[in-house]
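Colleague: Have a look; sequence and predicted model below, questions after that.
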Amino acid sequence: MRNPFISSQMEHVPVLRNSVQKYLNLKAGDKVVDTTLGLGGHALEILKSIGEKGVLIAFEQDERNLEESKKRLKKYNHQIIYFHENFSYLKTRVTGRNSAKLSFHLEPVDAVLFDLGISSPHVDDEERGFSFMNDGPLDMRFDQRQKLTAADVVNTYREEHLSKIFFEFGEEPFGRKIARGICERRKNMNFKSTLELAQFIEEVSPVNVRKRQKIHPATRVFQALRIEVNNELDSLKEGLRGAASLLSIGGRIVVISYHSLEDRIVKHFFKDLMKPPASYEESIYKTYGDPFFEALTKKPVIPSEEEILSNPRSRSAKLRAYVKLKELKEPDNQDG
């Protein structure tokens with residue numbers, strides 16, 4: 001097995017590094033949340049900007065990435081609060097002082113960064129099962145503590161459920177055909193490895209479509225499985241809600257997405273906060289109150305051709321940034 005951290009001594013250059021720093025607009029002493037620590041590339045730039053009095057709150061659900069980042073950021077560990085958690089727990093953890101045994105409140109925070117998608121070690125380590133470029137087990141878990149794996153999904157979900165996942169999470173036009181084929185095949189033998197599944201998908205995909213496609217026929221299915229295993233879209237919605245709530249007035253949220261499903265969720269979430277209904281009755285007549293957020297990016301920021309050449313995995317990245325204008329109204333708790 002290749003060591004995915006073999007280049008740990010080399011500089012880890014994060015996607016859209018300069019644009020992230022520009023739109024976060026950090027200053028000394030800020031409290032910042034990095035919801036997807038990864039290998040600490042963005043975190044290092046943040047720490048340089050917020051200085052010795054700043055605080056970084058870092059979330060990372062992959063234990064190996066977390067431990068590697070702690071080594072890389074050793075110089076700054078005294079001002080970093082680490083959470084081995086999915087960012088869907090953002091609000092719960094940041095508002096829960098006792099969990100970090102702190103003598104001060106972490107909220108409100110001055111900036112929040114979401115760098116979505118998978119990190120290089122996930123792709124490079126065949127044992128994690130994220131890629132079909134090398135053979136490995138059908139795993140795809142970011143957090144190895146959870147039980148559900150890609151093998152469980154492929155080998156136990158009903159045909160209708162698989163078809164729905166492939167279509168909704170992978171936008172795979174032949175999702176129903178692929179799901180039917182998987183269910184027929186597993187009557188005799190379960191799927192165990194990434195290459196086994198990828199080759200099967202290639203076989204059941206229409207030949208004329210395979211010739212026209214620029215991507216491997218299994219690409220969309222593998223994306224769908226990863227999203228299902230890690231509950232990525234629901235986690236993103238919950239994470240955005242937590243970030244918007246915890247942010248100070250004038251604070252900023254920067255999100256880098258890597259596929260249309262993520263980008264759509266981000267756009268729709270902030271669209272509602274930029275044109276919120278003043279009341280239920282007024283929302284029916286499209287009369288809106290003052291906005292809670294303002295977009296800093298009219299169009300998504302994308303990598304330059306130079307960055308894509310040096311880091312091909314950045315090619316699908318889209319950055320959106322928003323600034324908070326006023327406090328959100330928490331919904332009333334009503335029984336029944």
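Modeller: Everything's here; your move.
Colleague: Going along the chain, name the strands of the stretch 151-300 of the chain.
Modeller: Taking DSSP state E, counting those that start in this stretch, the strands of the stretch 151-300 of the chain run over residues 247-257, 293-295.
Colleague: Let me know which of these is tucked in deepest.
Modeller: strand 247-257 (a mean of 22; mean count of other Cβ atoms under 10 Å). Quick note: C-beta positions are derived from backbone N, CA and C, even for glycine.
Colleague: Show me what that one pairs with in its sheet, parallel or antiparallel.
Modeller: When pairs are called by DSSP bridges, strand 247-257 turns out to pair with strand 109-115 (parallel), strand 318-324 (antiparallel).
Colleague: List the contacts of the first one.
Modeller: By that I understand strand 109-115. Here strand 109-115 makes contact (Cβ atoms under 8 Å, 6 or more residues apart in numbering) with 14-15, 20, 24-27, 30-36, 38, 42, 46, 57, 87, 90, 94, 236, 239-240, 243, 246-248, 251-256.
Colleague: swap the cut-off to 7 Å and go again
Modeller: Residues from elsewhere that reach strand 109-115 (Cβ atoms under 7 Å, 6 or more residues apart in numbering): 14-15, 20, 24, 26, 30-36, 38, 42, 57, 94, 239, 243, 246-248, 251-256.
Colleague: Let's test this: mean pLDDT of that strand, rounded?
Modeller: Mean per-residue pLDDT for strand 109-115: 98.
Colleague: residue ranges with poor pLDDT in this protein?
Modeller: 1-12, 97-104, 208-212, 277-288, 330-336 (pLDDT under 70).
Colleague: Report the contact partners of the residue nearest the centre of it.
Modeller: For the chain, residue 116 is the residue whose C-alpha lies nearest the centre (Cα atoms, centre = their mean; 2.8 Å). Contact analysis of residue 116 by Cβ under 7 Å, 6+ apart lists 36, 236, 256, 257, 258, 262.
Colleague: still on that earlier bit, now the strands of the stretch 151-300 of the chain in CSV, please, with extra columns for distance to residue 318.
Modeller: What follows is the strands of the stretch 151-300 of the chain, written out as CSV (distance: least, Cβ to Cβ, whole Å):
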stretch, distance to residue 318
strand 247-257, 5
strand 293-295, 13
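Colleague: Indicate which one of those strands is closest to residue 313.
Modeller: Set against residue 313 and scored by Cβ to Cβ, the strands of the stretch 151-300 of the chain come closest in strand 247-257, at 11.8 Å.
Colleague: what comes up buried for stretch 304-315?
Modeller: Of all the residues in stretch 304-315, those buried under the rule 16 or more other Cβ atoms under 10 Å are 307, 311, 314.
Colleague: which other residues reach it?
Modeller: With contacts defined as Cβ under 7 Å, 6+ apart, stretch 304-315 is touched by 13, 15, 303.
Colleague: chain center to that stretch: distance?
Modeller: Taking the mean of its C-alpha atoms, stretch 304-315 sits 19 Å from the chain's own mean (Cα atoms, centre = their mean, to the nearest Å).
Colleague: Put the alpha carbons of it into CSV.
Modeller: Provided in CSV are the C-alpha atoms of stretch 304-315 (Å, rounded to 0.1, in the frame of the first residue of the first chain):
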residue,chain,number,x,y,z
SER,A,304,-6.9,29.9,-13.1
GLU,A,305,-5.6,27.7,-16.0
GLU,A,306,-2.2,27.8,-14.3
GLU,A,307,-3.6,26.4,-11.0
ILE,A,308,-5.4,23.7,-12.9
LEU,A,309,-2.2,22.7,-14.6
SER,A,310,-0.3,22.5,-11.4
ASN,A,311,-3.2,20.9,-9.5
PRO,A,312,-5.7,19.0,-11.8
ARG,A,313,-8.0,18.2,-8.9
SER,A,314,-8.8,21.9,-8.6
ARG,A,315,-10.4,22.0,-12.0
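Colleague: pretty sure residue 291 contacts residue 270?
Modeller: No. With contact defined as Cβ atoms under 7 Å, residue 291 and residue 270 do not form a contacting pair (9.6 Å).
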